[in-house]
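1. One predicted model, sequence on top.
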Amino acid sequence: MKTFIFLLAVIFPLVSFSSVDLCREFNSLDSTQHYVLRKAYDYGTNHDLGYTMASIAMVESNAGKYLVNASTQDFGVFHINLKYAALRDEVYTEFGRNVLAQELIFNIDLNARHALDTLLYFQDYHKGDWRKTVASYNAGFDHHKGRGYMLKVVKWIKVLQVCIDYEQGYGGG
């Protein structure tokens, strides 16, 4: 019994500290970032991808802080690749791609639609395997290359689940 109490006394503060430590980065986000995370979560809820969408927004753009990756031509909160967005939206001109890039940056609804469509496509392709789906969101059909990315998304899902409860009311901002 003394051993159990000793272990409890040692482990409990570590668990508590762990939660506080996990939430430190989340709590340092500004109100715009909290808004983006909430919107991202809401976009995914109908498909049981709320935390996934919010975590992807965090990993891709630091919840809207960095909206452009010029080297890869990825734009917006979810860093949607311009080439594939143009194909999906049937945009074939250079001017049209420029307009689409701008819309992906400034229109979170359009950006989220593309992100969710991509997740749902890969969810179907991988027969519901969440890990492969998220890895493919970043790496395309070679999901093995996206394993590190998927682990980052998992980390942020854990952070969001510990630090807030979207279902009970948003705790951020």
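-> Great, that's in hand.
2. Show the contacting residues for the closest residue to L67 other than its chain neighbours.
-> With C-beta to C-beta, 6 or more residues apart in numbering as the criterion, L67 has its nearest non-adjacent residue at 5.0 Å, and that residue is I105. For the C-beta atoms, the positions are set from N, CA and C on the backbone; glycine is no exception. If you count contacts by C-beta atoms under 8 Å, 6 or more residues apart in numbering, I105 has them with 67-68, 75-76, 111.
3. same check, this time on L67
-> 61, 75-77, 105.
4. list the contacts for the nearest residue to M53 once chain neighbours are set aside?
-> Of all residues beyond its chain neighbours, the one nearest M53 is G44 (3.4 Å), with distances taken as C-beta to C-beta, 6+ apart. By C-beta under 8 Å, 6+ apart, the residues touching G44 are 50-54, 116, 119.
5. any idea which element G44 lies in?
-> Of the helices and strands defined by DSSP states H and E, G44 is found in helix 31-44.
6. Output that helix as CSV - backbone C-alpha positions only.
-> In CSV, the C-alpha atoms belonging to helix 31-44 read as follows (Å, rounded to 0.1, in the frame of the first residue of the first chain):
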residue,chain,number,x,y,z
SER,A,31,-7.5,35.1,-30.6
THR,A,32,-7.3,34.9,-34.4
GLN,A,33,-5.5,31.5,-34.1
HIS,A,34,-8.1,30.3,-31.6
TYR,A,35,-10.9,31.4,-34.0
VAL,A,36,-9.2,29.5,-36.9
LEU,A,37,-8.9,26.3,-34.8
ARG,A,38,-12.6,26.5,-33.8
LYS,A,39,-13.7,27.1,-37.4
ALA,A,40,-11.5,24.2,-38.6
TYR,A,41,-12.9,21.9,-35.9
ASP,A,42,-16.5,22.9,-36.9
TYR,A,43,-15.8,22.1,-40.6
GLY,A,44,-14.8,18.5,-39.8
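7. Show me the two of the contacts of I105 that sit farthest apart.
-> Across these, the two members that end up farthest from each other (C-beta to C-beta) are V68 and N111, 11.9 Å apart.
8. circling back: which helix or strand lies directly C-terminal to the helix or strand harbouring the residue nearest to L67?
-> Under the criterion DSSP H and E, the helix or strand holding I105 is helix 94-106. Past helix 94-106, heading to the C-terminal end, the next element that is a helix or strand (DSSP H and E) is helix 108-125.
9. Which strands and helices lie in contact with that next one?
-> When contacts are defined as 3 or more C-beta pairs under 8 Å, 6 or more residues apart in numbering; DSSP states H and E, helix 108-125 packs onto helix 31-44, helix 50-61, strand 80-81, helix 82-88, helix 94-106, helix 130-139.
10. What are the buried residues along the last one?
-> The one in question is helix 130-139. For helix 130-139, a neighbour-count test (16 or more other C-beta atoms under 10 Å) marks 130, 132-139 as buried.
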